[in-house]
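Asker: Just a sequence and a predicted model for now, questions to come.
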Amino acid sequence: MTVFTVIQAGLLVGGCVFMIMLLMAWRRNRKQEAQTKILPIGLIGGVANFCDTLGIGSFAIKTAGYKQFKLIDDQLLPGTLNCQAVMATVFQSLIFLTAVDVDPTTLVSMVIAACLGATFGARLVSSWDRQLIRIVMCGALLAIAGMMLAGQLKLLPLGGMALGLTGWKLAIAIAGNFLFGALMTVGIGLYAPCMTMVYLLGMHPLAAFPIMMCSCAFLSFFSAGGFIVRNRINSRAALVVAITGPIGVVIAAYLVKSLDMHVLAWLVIGVVLYTSLTMYRSWRQERPQALAAKEAEAASPILSGSES
């Protein structure tokens with residue numbers, strides 16, 4: 001039995017357990033969720049997961065669509081998004097595990113690192129200032145996109161054809177994926193940073209896909225399961241995207257696999273630039289609330305002192 005067989009078995013078992021939990025949640029909640037509009041939700045979910053397979057990420061697209069048309073209660077949105085991601089990432093992982101001959105040691109170590117980061121590193125990262133993380137990541141991704149663009153224009157020697165890492169490069173990749181897994185707990189997606197890191201370490205851009213997708217698939221089992229247990233989801237919305245999401249994945253996956261090295265590198269640059277822009281937009285949108293919170297925090301000692 002190979003490592004890839006074990007990973008595939010884990011994905012299938014995890015996906016089946018998740019679907020059983022989701023169907024049970026739907027049976028409990030189907031009366032109060034009867035008004036949920038499944039057609040627009042299914043369409044948005046399918047398109048978002050098509051983009052997700054290209055590395056762009058689905059959460060921002062789904063959130064924008066659901067909020068624009070008032071399809072899902074904001075209180076249930078985080079849990080619903082996590083549940084909608086499970087089957088899509090399982091399909092992504094299964095497809096790219098068989099399509100890319102990535103080194104098993106590199107794959108397994110980076111997947112474990114991401115899971116450990118989400119589990120243990122979350123305690124540290126959750127105390128970090130989310131706004132600072134966003135603006136730093138925005139600047140870092142923008143700078144990296146510039147470097148990658150220079151590589152495409154033959155100004156800098158970047159990228160490579162390797163399907164695995166060893167030595168200090170593997171150590172950097174493990175540490176990086178640990179951090180990216182932890183950052184997912186504060187809403188920073190893993191796909192674009194992982195894709196960028198793998199590319200800069202000299203691996204083939206396509207090698208990033210099974211690594212980042214398996215990382216997110218195994219993470220999503222635990223995060224989505226927690227939301228289902230606490231009943232903080234719209235199970236009807238999650239169930240319909242569990243169907244339409246994998247359809248979008250299959251269409252996009254065969255598009256990605258048919259791209260040559262040069263075009264794929266341009267795709268990575270586009271993904272990184274897009275992610276940098278979304279980071280900046282999130283930072284800018286929440287800046288007034290963050291400044292107001294800091295002002296209130298600074299004023300509270302003064303107020304308490306005057307009361308005494």
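Answerer: That came through, no problem.

Asker: For Gly202, see how far away the most centrally placed residue in the chain is.
Answerer: Nearest residue to the geometric centre of the chain (C-alpha atoms, centre = their mean): Gly189, 4.0 Å. To Gly202, Gly189 is 23 Å away according to C-beta to C-beta, to the nearest Å. No exception for glycine: its C-beta is placed from N, CA and C like everyone else's.

Asker: ok, back up a step: name the nearest residue to the residue nearest to the centre of the chain, ignoring sequence neighbours.
Answerer: Gly57 (4.6 Å; C-beta to C-beta, 6 or more residues apart in numbering).

Asker: That neighbour and Ala192 touch, don't they?
Answerer: Yes - the criterion here is C-beta atoms under 8 Å, and Gly57 meets it with Ala192 at 6.9 Å.

Asker: Identify the contacts common to these two.
Answerer: The contact sets of Gly57 and Ala192 overlap at Thr275 (C-beta atoms under 8 Å, 6 or more residues apart in numbering).

Asker: and the one helix or strand Val240 maps to, what other elements does it pack with?
Answerer: Using DSSP states H and E, Val240 sits in helix 235-257. Judged by 3 or more C-beta pairs under 8 Å, 6 or more residues apart in numbering; DSSP states H and E, the packing partners of helix 235-257 are helix 3-29, helix 38-53, helix 77-99.

Asker: Can you tell me which of these is packed in deepest?
Answerer: With neighbours taken as mean count of other C-beta atoms under 10 Å, those reach their highest mean count in helix 77-99, at a mean of 24.

Asker: got the angle between it and helix 3-29?
Answerer: Per axes from the mean of the first three to the mean of the last three C-alpha atoms, to 10 degrees, the angle that helix 77-99 makes with helix 3-29 is 150 degrees.

Asker: quick one: contacts for Gln84?
Answerer: Contacts of Gln84 (C-beta under 8 Å, 6+ apart): 45, 58, 62, 237-238, 241-242, 245.

Asker: likewise Ile247?
Answerer: Gly46.

Asker: Report pLDDT for it.
Answerer: With respect to pLDDT, Ile247 has a value of 96.

Asker: Which parts of the stretch 51-200 of the chain are helices?
Answerer: Taking DSSP state H, counting those that start in this stretch as the test, the helices found in the stretch 51-200 of the chain are 59-68, 77-99, 104-116, 122-125, 130-152, 167-183, 191-200.

Asker: Distance to Leu264 added to the ones you listed, as a markdown table?
Answerer: Formatted as a markdown table, the helices of the stretch 51-200 of the chain follow (distance: least, C-beta to C-beta, whole Å):
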| stretch | distance to Leu264 |
| --- | --- |
| helix 59-68 | 21 |
| helix 77-99 | 13 |
| helix 104-116 | 18 |
| helix 122-125 | 30 |
| helix 130-152 | 11 |
| helix 167-183 | 19 |
| helix 191-200 | 10 |
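
Asker: weakest of the ones you listed in terms of mean pLDDT?
Answerer: Looking at the helices of the stretch 51-200 of the chain, the bottom one is helix 122-125 with a mean of 68.

Asker: buried residues in stretch 112-126?
Answerer: 112-118, 121-122, 125 (16 or more other C-beta atoms under 10 Å).

Asker: Please disregard the earlier target; I meant stretch 163-181.
Answerer: Applying 16+ other C-beta under 10 Å to stretch 163-181 flags 163-165, 169-170, 173-174, 176-181 as buried.

Asker: For the residues you listed, work out which two are farthest apart.
Answerer: Of all pairs drawn from the buried residues of stretch 163-181, the one with the longest distance (C-beta to C-beta) is Leu163 and Leu179, at 22.7 Å.

Asker: List the residues that contact Ala217.
Answerer: Here Ala217 is in contact with 11, 14, 86, 89-90, 92-93 (C-beta under 8 Å, 6+ apart).

Asker: now these in TSV, with distance to Arg30?
Answerer: Below are the contacts of Ala217 laid out as TSV (distance: C-beta to C-beta, whole Å):
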residue	distance to Arg30
Leu11	28
Gly14	24
Val86	19
Thr89	25
Val90	24
Gln92	28
Ser93	30
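
Asker: State the number of residues packed around the residue nearest to Thr53 when sequence neighbours are not counted.
Answerer: Distances taken as C-beta to C-beta, 6+ apart place Ala252 nearest to Thr53, at 3.6 Å, with adjacent residues excluded. A count of neighbours around Ala252, defined by other C-beta atoms under 10 Å, yields 21.
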